[in-house]
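Student: Just a sequence and a predicted model for now, questions to come.
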Amino acid sequence: MRLPDAALDRSHCGNTECPARFVSQFPRRLTVVLLLWLLMMATLPTTFAQKGIKPGRGGQSGNKPPGGMQGEGRDRRDYELAAVLPPGYQHLQNDDVRQLEQLVLDALGWLRRNSAPVSGLESSVDQFQWSGNAVSVEARGLRILSLLTLEQRKTLASVLDDYRTLKASREEQNSVLVALLNNARVNATPALLRRLETDSRKPLQEIAAADAELGMLQSRVFLRIGKSLGPEQSEAILLASRSAAAPETATAEMQAVQGELRNTSADAARDLEELGVSFAEWLAPAAASGSVQQAAAADTERRGGGREKSVDTGVLEFLTALQDRQPELLLRLLAASARGRKEASAALLTLQTALRTGPGGRVPDERTLRTLTEHRARLVFTSAIEEASGFESLRTSLSDAQKRHLNIKDTDKPKRKKSEGD
């Protein structure tokens, strides 16, 4: 009877020789196996990369979802607004959707001859003075004025007339800029849009001068009052300026201030309360200043951010009506608008930093302030011109059917002359 090969091999080497040979070769075999395993693991990342997939939980890509509701957790929430938009916009994050929403509303206002894109032309010094929480400026200002002594309030009130004059001068020049844009909206022509930059030069310089003087005026009087404050007084003012609760107006101190304000007009009283709020913001450390940190947030709020998780139905109707290259044109306009806002926000932050000298600082240089205020104002107005030009490009791309559907009328078209037979 023939033995199996394994038994035959074992019979040739004896009971002790073969096991000994196997044991002696085991380390070599183990080394080979380990080398093969390490080589295989080293090639895995390359293999994943070649497939465009990053190693991760479940083998999914580490990239953000291209749009809509394709992500998980926070990524999913970041794109939830885009999920209700037509195809072509679902790669946008929630902040982008809010900016697009406001841009479309501005575009419709322009195309329907209702309004012009003038957001952000407010005084940069006024934005510096108020952090924008829910409590009214009047109530907050009244509380802060009540924490000042009578002499300190008189010092603040000593600049009130100049403050109001400068604000009125600035508003007059601001109205000139708004009128220029409104005229371009009603009589939109390429030549008129190009001329806006030249026509706006003098009003922008006047606005910059008024803003710089407002900044200088406030800095001087704030320094005087700041040096006279006691430690407890400073702390009380800062706590009042940061409080989220509405101030109690029935206190004896606040009633006393209200009695003083009855000797002036309601508008002048409000301006003095605004100056009180501005002083509290100036008094706060720069890192804690609500006005500096919330300037961009306030701009986002004005432009449509911070609302419920839905998109304006009129905006959805507009996006759905666009076709061919029109969505691409709108997205390019959105990108340009976002760049303009970013540049204006950076210029505003630089200006506010220059204004925030603090109690131990010095009055800022007026020439520097004027350069900064004019730079910021020109950025804002240039962005408005670019948006207006973009809106006109959209108008020329719309068909007559799209215009009827979106309730856009070309009122600037020449009327047909009546014939003798009519």
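Tutor: Arrived safely, thanks for sending. Numbers count the residues shown, from 1 in each chain.
Student: contacts and neighbour counts: CA atoms only from here.
Tutor: Noted.
Student: Contacts only, for residue 182.
Tutor: For residue 182, the residues meeting the contact criterion (Cα atoms under 8 Å, 6 or more residues apart in numbering) are 115-116.
Student: what about it, which SS state?
Tutor: When classified by DSSP: H, G, I helix; E, B strand; the rest coil, residue 182 comes out as helix.
Student: Compute the distance between it and residue 363, please.
Tutor: Between residue 182 and residue 363 the distance, using Cα to Cα, to the nearest Å, works out to 38 Å.
Student: same thing with residue 309?
Tutor: Between residue 309 and residue 363 the distance, using Cα to Cα, works out to 45 Å.
Student: Which of the two has more residues huddled nearby?
Tutor: For residue 309 and residue 363, the more surrounded residue by other Cα atoms under 10 Å is residue 363, and the numbers stand at 19 against 8.
Student: any weak-confidence spans in the stretch 201-350 of the chain?
Tutor: Applying pLDDT under 70 to the stretch 201-350 of the chain flags residues 246, 249, 286-308.
Student: those helices in it, which residues are they?
Tutor: Taking DSSP state H, counting those that start in this stretch as the criterion, the stretch 201-350 of the chain contains helices spanning 201-228, 231-242, 252-261, 266-283, 290-302, 313-321, 326-355.
Student: and of the ones you listed, who's closest to residue 386?
Tutor: Go through these one by one with Cα to Cα and the one that ends up closest to residue 386 is helix 326-355, at 8.0 Å.
Student: That closest one vs helix 313-321, what angle?
Tutor: Interaxial angle of helix 326-355 relative to helix 313-321 (axes from the mean of the first three to the mean of the last three Cα atoms, to 10 degrees): 130 degrees.
Student: mind listing what's buried in helix 326-355?
Tutor: Neighbour-count burial for helix 326-355 flags 326-327, 329-330, 333-334, 336-338, 340-341, 343-345, 347-352, 354-355 (criterion: 16 or more other Cα atoms under 10 Å).
Student: Kindly provide the whole-number mean pLDDT of the helix or strand following that helix.
Tutor: Reading on from helix 326-355 to the C-terminus, the next helix or strand found by DSSP states H and E is helix 366-397. With pLDDT averaged residue by residue, helix 366-397 scores 90.
Student: Now the helix or strand following helix 366-397: average pLDDT?
Tutor: Sequence-wise, the next helix or strand beyond helix 366-397 is helix 400-405, with elements assigned using DSSP H and E. Taken as a whole, helix 400-405 has a mean pLDDT of 95.
Student: who are the neighbours of helix 400-405, in terms of helices and strands?
Tutor: Contact here means 3 or more Cα pairs under 8 Å, 6 or more residues apart in numbering; DSSP states H and E; on that basis helix 400-405 packs against no helix or strand.
Student: start the count at 53, not 1, going forward
Tutor: Sure, I'll start numbering at 53, so the last one becomes helix 452-457.
Student: outside of that helix, which residues touch it?
Tutor: Contacts to helix 452-457, defined as Cα under 8 Å, 6+ apart, come from residues 373-374, 461.
Student: hang on, residue 331 packs against residue 274?
Tutor: Yes. The criterion here is Cα atoms under 8 Å, and residue 331 meets it with residue 274 at 6.2 Å.
Student: For residue 421, which non-adjacent residue is spatially closest?
Tutor: Once flanking residues are discounted, residue 421 sits nearest to residue 264: 5.2 Å by Cα to Cα, 6 or more residues apart in numbering.
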